[in-house]
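*Asks:* quick one, structure for this:
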Amino acid sequence: MPLSIQLGCAARFTWIELSFLGRVITAYIAGENASEVNGEANILDTQRQKNDIILEAMNDGNADNSTKGHLKKFFNYADGAGETYTMLKAAHGAKKRGTDIIGYEEAKSTKKRSSALSLLEMTESIGILLLATLAGYAFSWLGFTEANIITVYILAVLLIAVITTSRFYSIVSSVVSVLIFNFFFTAPKFTFMAYDKGYPATFLIMLTAAFITSTLAIKLKNHAKQAAQAAFRTKILFDTNQLIQKANGTDEIITETANQLIKLLKRNIVFYHCNSGKLEEPRIFFASEEGLGDELVSDREKAAAQWVMENNKHAGATTDTLSDAKCMYLAVRVMGKVYGVVGIKMQDNPLDSFENSVMLSILGECALALENEKNAKEKEAAAILAKNEQLRANLLRAISHDLRTPLTSIMGNADNLLSNGDSFDTSTKKQIYKDIYDDSMWLINLVENLLSVTRLEDGKMKLNLSMELMEEIITEALHHINNRDLRHRIKVKNSDEMVLVNVDARLIVQVIINLVDNAIKYTPEGSEIVIETEKHKDKVKVSVADNGLGISDEIKGKVFDMFFSGANNIADSRRSIGLGLSLCKSVIAAHGGEIFVSDNKPQGAVFTFTLPAREVNMTSHVN
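*Replies:* Numbers count the residues shown, from 1 in each chain. Now for the predicted structure:
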């Protein structure tokens, strides 16, 4: 018989052998029923009949005696394999009855193993061994040594270990490769006997090499899997940290945490935020658009979440505590402090160790973020409390000192008039009347400023906006100033064009009064104060300049702070508690403008504020 026909027949017989072994092992491991086992027997009988026909054809042809002998040995092997199949069938029946024939594990472990051994991977393994056998025949025909053929089978085992998911395949393929090599490539061929004394050592070395190779391949796969899991864990934790850091407030922190858990676990999430030792209403986050939320917030589920918060332990599904719950509940905690409880909807399959590890890390990030958010709110509340305490202290100082001084002056002057009024000449009486008037007006302005600042800070003051001429507002403000102080020269420089603004006139008048009063208080007698109005595009610019001593750069940033009075060397410094400029800043800001201070040239200070300008539309009607 030509060599090509021999190789073709050998390939066909090898495929029959490996396919048959694959069916036997698959039927046994998968636990098929009796009808399926009998079906395999029928297939085997049909294949035997085909083999008999082939053998008869070869007897009628010119096949040499050596080839016929090998084929007969092969069919004898097939008969032996049939007996093996019968034995495995009996073993399968014993396994059905619960007899521990091959030391299989418990039912649960057997189910896992059966699911791990897929028919596809079994077929792939058989195919690789088939290709290795064909390659071995080619090497043998080309005159290669047995060491080369052994290398091919080791490579086949290595490939099987790489492409399959269970270690079972690599172990079985290591043994099967030795058996196949013995059957096809050692004398006498097509038997499991070996005449050469060195073959047992060769088989042992081959088996050991194949086993070590497959083990190393599996380890490399496991290392690659662990590296991929570590990379995934690092990425998801980094993303979680970034998203939580960007979150603004507790609600956003909870939302980002739940979204990351859904991304990792593909399960519905329930989150209970803990506030003042009590659980708030639950928030449900669905892994898909459709979901049943009622079963996740039932009384039984809430009771499990409450138990977790009180005991700081896991509970719910897949645990020993309240295991009838739909969700597994975990505490979101830092150093024993619980900031919330998260529930994860458990399905048929529980969380694996990797998912559980990443999940706990995400919950740790969430707990730290909630703790930082809580600390920030406490610091903010403490700062507000300190500010209120400072405000209260300043008000007490103003009332106890700054208000008492003018009141004492008014009471003293009034007592002089009552007791000695008849002995005072006209000029003395006028001076006393003027002092009483000035102190009274100062008290009125102080009270007005206090009320205005309080209303503006609380947001309770409503602006009564109206279209006003800036020139008229300045004139109204000067009416309240001229009667009080004639010891300073006050000039007004109005713009050449008509300047119209939409403002609360009463408040803007108060701003100008405060700015001019500030200039009078902090400049010596005879100083010049200039009020100037300009229009720049869509803004109106009003400035109050003086030629006094000016303001140092160190305190320019503080002059608009409440209760800041600065250093004042003028004799009348008692009349300043630092509310006037603070009120100016609040009023101008409420109108959408800004106020600032700068240096006057050659000396002095300039206070400037801006307001949105309005256009003047003049329409002429001709009769």
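
*Asks:* for whichever helix or strand residue 139 is part of, which helices and strands make contact with it?
*Replies:* Residue 139 belongs to helix 119-141 when assigned by DSSP states H and E. Counting contacts by 3 or more CB pairs under 8 Å, 6 or more residues apart in numbering; DSSP states H and E, helix 119-141 packs against helix 3-30, helix 146-163, helix 167-185. Where C-beta positions appear, they are placed from N, C-alpha and C, glycine not excepted.

*Asks:* mean confidence (pLDDT) on it, please.
*Replies:* For helix 119-141, mean pLDDT is 88.

*Asks:* what is the orientation angle of that helix with helix 167-185?
*Replies:* Angle, helix 119-141 to helix 167-185, by axes from the mean of the first three to the mean of the last three CA atoms, to 10 degrees: 30 degrees.

*Asks:* what residues sit buried inside helix 119-141?
*Replies:* Buried residues in helix 119-141, counting neighbours by 16 or more other CB atoms under 10 Å, are found at 121-122, 124-126, 128-130, 132-137, 139-140.

*Asks:* ditto for stretch 311-318
*Replies:* Result for stretch 311-318 [16+ other CB under 10 Å]: buried residues 315, 316, 317.

*Asks:* quick one: the first one and residue 330, what's the gap?
*Replies:* Looking back up the chat, that one is residue 315. 9 Å (CB to CB, to the nearest Å).

*Asks:* between those two, which contacts overlap?
*Replies:* residue 308 (CB atoms under 8 Å, 6 or more residues apart in numbering).

*Asks:* rewinding a little: list just the nearest of the buried residues of helix 119-141 to residue 478.
*Replies:* residue 121 (97.6 Å; CB to CB).

*Asks:* hang on, the closest one packs against residue 169?
*Replies:* Yes: Residue 121 lies in contact with residue 169 (CB atoms under 8 Å); the separation is 6.2 Å.

*Asks:* ok, back up a step: how far away from the center of its chain is the helix holding residue 139?
*Replies:* Centroid separation for helix 119-141 versus its chain: 50 Å, with CA atoms, centre = their mean, to the nearest Å.

*Asks:* relative to helix 146-163, how tilted is that helix?
*Replies:* 160 degrees.

*Asks:* contacts for stretch 495-503?
*Replies:* Everything outside stretch 495-503 that qualifies as a contact, by CB under 8 Å, 6+ apart, is 463, 465-471, 473, 508, 533-535, 540, 591, 611-616.

*Asks:* ignore the last one, stretch 171-186
*Replies:* With CB under 8 Å, 6+ apart as the criterion, stretch 171-186 contacts 10, 14, 21, 25, 77, 125, 128-129, 132-133, 136-137, 140, 146, 149-150, 153-154, 156-157, 160-161, 189-192, 194, 196, 199, 203, 206-207, 210-211, 214.

*Asks:* for the stretch 501-623 of the chain, which segments are assigned as strands?
*Replies:* 528-536, 539-546, 595-599, 605-614 (DSSP state E, counting those that start in this stretch).

*Asks:* possible to save those strands as a markdown table with mean neighbour count?
*Replies:* Converted to a markdown table, the strands of the stretch 501-623 of the chain look like this (neighbours: other CB atoms under 10 Å):
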| stretch | mean neighbour count |
| --- | --- |
| strand 528-536 | 17 |
| strand 539-546 | 21 |
| strand 595-599 | 16 |
| strand 605-614 | 19 |
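
*Asks:* for residue 364, find the nearest of those strands.
*Replies:* Closest among the strands of the stretch 501-623 of the chain, using CB to CB: strand 595-599, at 48.1 Å.

*Asks:* now the angle from the closest one to strand 605-614?
*Replies:* Interaxial angle, strand 595-599 versus strand 605-614 (the same axes, to 10 degrees): 140 degrees.

*Asks:* give me the distance between residue 123 and residue 286.
*Replies:* 40 Å.

*Asks:* name the helices or strands packed onto the longest helix anywhere in the chain?
*Replies:* Scanning the chain for the longest helix, with DSSP state H as the assignment, gives helix 199-246. Packing partners of helix 199-246 (3+ CB pairs under 8 Å, 6+ apart): helix 146-163, helix 167-185, helix 250-265, helix 353-397.

*Asks:* now the third one, how far from the centre of its chain.
*Replies:* To tie it back to what came earlier, the one meant is helix 250-265. The chain centre lies 7 Å from the centre of helix 250-265; the measure is CA atoms, centre = their mean.

*Asks:* now swap in the longest one and tell me
*Replies:* Its chain's C-alpha centre and that of helix 353-397 lie 18 Å apart, by CA atoms, centre = their mean.

*Asks:* hey, what's the angle from the helix or strand encompassing residue 329 to helix 353-397? Just curious.
*Replies:* Assigning secondary structure by DSSP H and E places residue 329 in strand 327-334. Angle, strand 327-334 to helix 353-397, by the same axes, to 10 degrees: 50 degrees.

*Asks:* need the contact partners of strand 327-334.
*Replies:* Contact partners of strand 327-334, identified using CB under 8 Å, 6+ apart, comprise 270, 274, 296, 301, 304-305, 307-309, 312-319, 338-346, 351, 359-360, 363-364, 366-368, 370-371.

*Asks:* correct me if wrong: residue 522 contacts residue 548.
*Replies:* Yes: Residue 522 lies in contact with residue 548 (CB under 8 Å); the separation is 5.9 Å.

*Asks:* neighbour-wise, which of the two wins?
*Replies:* residue 522 (24 against 21; other CB atoms under 10 Å).

*Asks:* and that one, what's its pLDDT?
*Replies:* pLDDT, residue 522: 83.
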